[in-house]
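> sequence below, structure please.
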Amino acid sequence: MKRSLSRDNRGLTLIEIIVGISIMAIIAVPLLHTFVTGAKTSMKSRTYSDATDAAQNIIEQIQASKTNVFLKNPNSIYTGAQYYARGGSETGGYYYTPLTGNSDLPPKSTDKNYYIGIKNLKSGESEFDALLTVDASSDLNNADVSISNSMDAVIGMAGADDNVLARLRGEYGSYFDHPLTLSGFTREIVIDVIKDDSYYNIDISFIYRGSITYIDNEIVYTDNLRYTENGSTRISSTDSTAEGSPAFSVYMFFKAYYSDKDMITINNSAGSDFNVFLVDVTESPSIPITYSADIQFKSQYDYLTQRVFTNIPLADKDMKYKAFDKNRPGHYKLLAFSGNLVETKKLDRKYLMNISLFECGSDFTGEPVLSMDFNKLD
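Next comes the predicted model:
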């Protein structure tokens, strides 16, 4: 008996296809969401890792540098870094405008911060806009700090008065029956500083002027006298100095209070600022009650900066010296002496800093990818 086999060639019905697709969709959608979420998380993690590496590299560069150096030249921490000024407000949002011009340290913004921006900062597979905020408002920065000054040029003139007196007595002592003195002679001190190709030349002159009347063979004579005592030294002009510091320091050791008025002129033709330390070596000095000092610092290259230091107790007499501005002939300012032989300055020594990395092209606005706070103490 033969059996007939029948075959059903019908395909899947539309309902069966829809049901199958629906089942696959129910299974695939969560899997697809998992894949997309994982990819986003991986990308965000990689971006955050790149941002962390970039921030740490900048922080390491800053910690290895002197603050005044990289503030003077932001490119020392990253090529293309430049200063920005912040505008706007916390409520309305901040914006940053690049500062153009010379490379001198700009004034702090109204919030007393410096802002340094780096566009298109590359790190790994990412690029960022980085903003460095430097805050120097720490209370530690309000105290004066002693600045070390090397004794570059030292000239001893303590024996000048005695030398001139010896010359006076040698020339005219025989005409008198009492010891001669320098009473009535004026003393002018001139400090000249000139620079040549390789050296600063420092010349000091003590100039004494006066007259003496004497009798020789019953004839009365009056001679107008001028004596000069000189001292000099030279120092190399190629030595490097810290940014913002004077090129060198001149120390003059002498006896003050020659009379009730000292006349000192400092002629600066060196093309550089320098400090002058007037060191009185008088033993147990008796200061004339009417003592004053006429000291002029001519052609000072930064006449707003104190450059004369002395151990003469001038502060009690409210003494000042004239600092002439080389850019404005005839113009000067009265500046106070430093009451000691140590230069002091208010320096920004503790800095509170923040480095924030934003999406490239954001101009430092919006939510940062990464923000790090750190301190630097110079």
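
> so residue 180, which state does it fall into?
The three-state label given to residue 180 by DSSP: H, G, I helix; E, B strand; the rest coil is coil.

> what sits closest to it if chain neighbours are left out?
With CB to CB, 6 or more residues apart in numbering as the criterion, residue 180 has its nearest non-adjacent residue at 5.1 Å, and that residue is residue 169. Quick note: C-beta positions are derived from backbone N, CA and C, even for glycine.

> neighbours of the one you found, how many?
By other CB atoms under 10 Å, the residues close to residue 169 number 14.

> equivalent analysis for residue 21, please.
Neighbour count for residue 21, taken as other CB under 10 Å: 11.

> on the pLDDT front, check it for me.
pLDDT recorded at residue 21 is 75.

> state whether it is indeed within a helix.
Yes. Assessed by three-state DSSP, residue 21 belongs to a helix.

> how near is it to residue 13?
Distance, residue 21 to residue 13, using CB to CB, to the nearest Å: 13 Å.

> likewise residue 167?
Residue 167 sits 133 Å away from residue 13, going by CB to CB.

> more neighbours: which of the two?
For residue 167 versus residue 13, neighbours defined as other CB under 10 Å are more numerous around residue 167 (14 against 9).

> residues contacting that one?
Shown in contact with residue 167 (CB atoms under 8 Å, 6 or more residues apart in numbering): residue 227.

> so it sits in a helix?
Yes. Assessed with three-state DSSP, residue 167 lies in a helix.

> next one: it from residue 82, what distance?
Residue 167 is 64 Å from residue 82, where distance means CB to CB.

> please apply the same query to residue 152.
Relative to residue 82, residue 152 is positioned 35 Å away (CB to CB).

> same thing with residue 307?
32 Å.

> neighbour count winner among residue 152 and residue 82?
Neighbours were counted for residue 152 and for residue 82 using other CB under 10 Å; residue 152 has more, 20 against 15.

> wait, isn't that one in contact with residue 250?
Yes. Counting by CB atoms under 8 Å, residue 250 is a contact partner of residue 152 at 7.2 Å.

> following element in sequence after the helix or strand of the chain at the bottom of the mean pLDDT ranking, please.
Across the helices and strands of the chain, mean pLDDT, DSSP states H and E gives its lowest value to strand 144-147, namely a mean of 61. Remark: after strand 144-147, the chain's next helix or strand is strand 153-156, criterion DSSP states H and E.

> helix, strand, or coil at residue 70?
helix.

> give me the pLDDT for it.
For residue 70, the model assigns a pLDDT of 80.

> quick one: contacts for it?
By CB under 8 Å, 6+ apart, residue 70 lies in contact with 61-62, 76-77.

> filter these to the buried ones?
62, 77 (16 or more other CB atoms under 10 Å).

> returning to that earlier point: and the residue nearest to residue 180, how far is that from residue 179?
Distance, residue 169 to residue 179, by CB to CB: 7 Å.

> burial measure for residue 296, as a count.
When neighbours are defined as other CB under 10 Å, residue 296 has 15 of them.

> hey, what's the residue nearest to it when sequence neighbours are not counted bridged with?
Excluding the flanking residues, the one nearest residue 296 by CB to CB, 6+ apart is residue 322, at 4.6 Å. Beta-bridge partners of residue 322, counted by DSSP bridges, are residue 296, residue 334.

> got a list of what residue 322 touches?
Taking CB under 8 Å, 6+ apart, we find residue 322 in contact with 295-297, 332-335.

> then residue 296?
Per CB under 8 Å, 6+ apart, neighbours of residue 296: 264-266, 321-322, 324, 332.

> so how far is residue 331 from the residue nearest to residue 296?
With CB to CB as the criterion, residue 322 and residue 331 are 10 Å apart.

> which SS class is residue 48?
When classified by three-state DSSP, residue 48 comes out as helix.

> repeat for residue 173
Using three-state DSSP, the structure places residue 173 in helix.

> thought it was touching residue 180?
Yes. The pair residue 173 / residue 180 is scored as a contact, 5.8 Å apart, by CB under 8 Å.

> confirm that residue 24 sits in a strand.
No. Counting by three-state DSSP, residue 24 is not part of a strand but helix.

> adjust the sequence numbering to begin at 430 for everything that follows.
Got it, the first residue is 430 from now on, which makes the last one we talked about residue 453.
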